[in-house]
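Novice: Mind folding the following:
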Amino acid sequence: MLVSIITANIIVSLISLIGGVLILKKQLLSKKVIPYLVAFAAGVMLTTVFFDMFPEALEQAEKIGNPTNIFFPAFLGIIISFFIERFVLWFHHHESTHGLKPTVFLITIGDGIHNLIDGVTITATFLTNFNLGIITTIAIAAHEIPQEIADFGILINSGLKNFQALAINFLSALTAILGGIAAFYFLQNLKGGLPFLLSFSSGIFIYIAGSDLIPSLHKEHKKQKKWAQVVPFLSGIILMYILIVLLEGKH
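Specialist: Alright, predicted model coming up:
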């Protein structure tokens, strides 16, 4: 199981390199591309939460005979995500026009925290159910691509050379592996805490989709055709739903 967890986190970490490569390809640098990726990621994350992570958290709570309200940890996940984003300025971002001029240090620290939490989430889902781990990894990867494209662009605008920006972005992404391994050994002795962590992670996903991904789509709406972002958004929902049904048998 540990090998699967490490592999999943390595894949998510490598997404940071994909973001950099896309930025370096001028034909893919256009801002017209990023909103489609963001829309797809929003659909994937919301579907994963409501059709897989929440049901799995409830099922696990029933198995261990824990009557805890699984929605309370989700509420905490949303609230804590708000404060992390507020006080660590660049916890999540998909564009460099927030009126701020972030330093390389803030970008690295913010992304490091973000990726660390991703690693813990991946581990929690793999320990719960192998297929759920795969689905969650896909959801996180879908979100990472547009984020890392934005991160790389911001680092370049801060004066770094291409190689330096790629290296820093990748190093901050490696904290996902650290978080995943640490969570594996910690959560092994706290199986009863898995429903809480699954629900808490669901809250984080909801916050990302609701406060970051979807609002950014609304900002771009007037610049694109009416259905331009709806299609990838619905595609993310449909594809993820089919995947959940095939792997988990949930519907």
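Novice: Only C-alpha atoms from now on, for both contacts and neighbour counts.
Specialist: Fine.
Novice: could you pull out the helices for the stretch 51-200 of the chain?
Specialist: Applying DSSP state H, counting those that start in this stretch to the stretch 51-200 of the chain gives helices spanning 54-63, 71-87, 104-128, 130-157, 162-173, 175-187, 194-207.
Novice: Val245 is nearest to which of the ones you listed?
Specialist: Checking those against Val245 by CA to CA gives helix 130-157 as the closest, at 10.7 Å.
Novice: quick one: average confidence on the closest one?
Specialist: Averaging pLDDT along helix 130-157 yields 76.
Novice: so how far is Phe184 from Pro73?
Specialist: Pro73 is 20 Å from Phe184, where distance means CA to CA, to the nearest Å.
Novice: can you check Ala124 too?
Specialist: 8 Å.
Novice: quick one, which of those two is more surrounded?
Specialist: For Ala124 versus Phe184, neighbours defined as other CA atoms under 10 Å are more numerous around Ala124 (28 against 22).
Novice: Surely that one touches Leu198?
Specialist: Yes - in this structure, Ala124 is within contact of Leu198 by CA atoms under 8 Å, at 6.7 Å.
Novice: quick one: low-confidence ranges for the stretch 51-200 of the chain?
Specialist: Where the stretch 51-200 of the chain drops to pLDDT under 70, the residues are 66-68, 88-110, 113, 146-159, 189-192.
Novice: Let's see that with 90 instead.
Specialist: 51-71, 77, 80-121, 124-125, 127-132, 135-180, 182-200 (pLDDT under 90).
Novice: Now for Phe83, how many residues are close by?
Specialist: Phe83 has 12 nearby residues by other CA under 10 Å.
Novice: so what's Met45 closest to, chain neighbours aside?
Specialist: With sequence-adjacent residues excluded and distances taken as CA to CA, 6 or more residues apart in numbering, Met45 is closest to Ala139, at 5.5 Å.
Novice: Point out the most buried one among the helices of the stretch 51-200 of the chain.
Specialist: helix 194-207 (a mean of 25; mean count of other CA atoms under 10 Å).
Novice: ok and that one relative to helix 54-63, angle-wise?
Specialist: 160 degrees (axes from the mean of the first three to the mean of the last three CA atoms, to 10 degrees).
Novice: Restrict helix 194-207 to CA atoms and write it as PDB.
Specialist: Output in PDB follows, covering the C-alpha atoms of helix 194-207 (Å, rounded to 0.1, in the frame of the first residue of the first chain):
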ATOM      1  CA  LEU A 194     -10.300   7.900   8.600                       C
ATOM      2  CA  PRO A 195     -14.000   9.000   8.400                       C
ATOM      3  CA  PHE A 196     -13.100  12.300   9.900                       C
ATOM      4  CA  LEU A 197     -10.100  12.900   7.600                       C
ATOM      5  CA  LEU A 198     -12.100  11.800   4.500                       C
ATOM      6  CA  SER A 199     -14.800  14.300   5.400                       C
ATOM      7  CA  PHE A 200     -12.300  17.000   6.300                       C
ATOM      8  CA  SER A 201     -10.600  16.500   2.900                       C
ATOM      9  CA  SER A 202     -14.000  16.800   1.200                       C
ATOM     10  CA  GLY A 203     -14.400  20.200   2.900                       C
ATOM     11  CA  ILE A 204     -11.100  21.300   1.400                       C
ATOM     12  CA  PHE A 205     -12.100  20.100  -2.000                       C
ATOM     13  CA  ILE A 206     -15.400  22.000  -1.800                       C
ATOM     14  CA  TYR A 207     -13.600  25.100  -0.700                       C
END
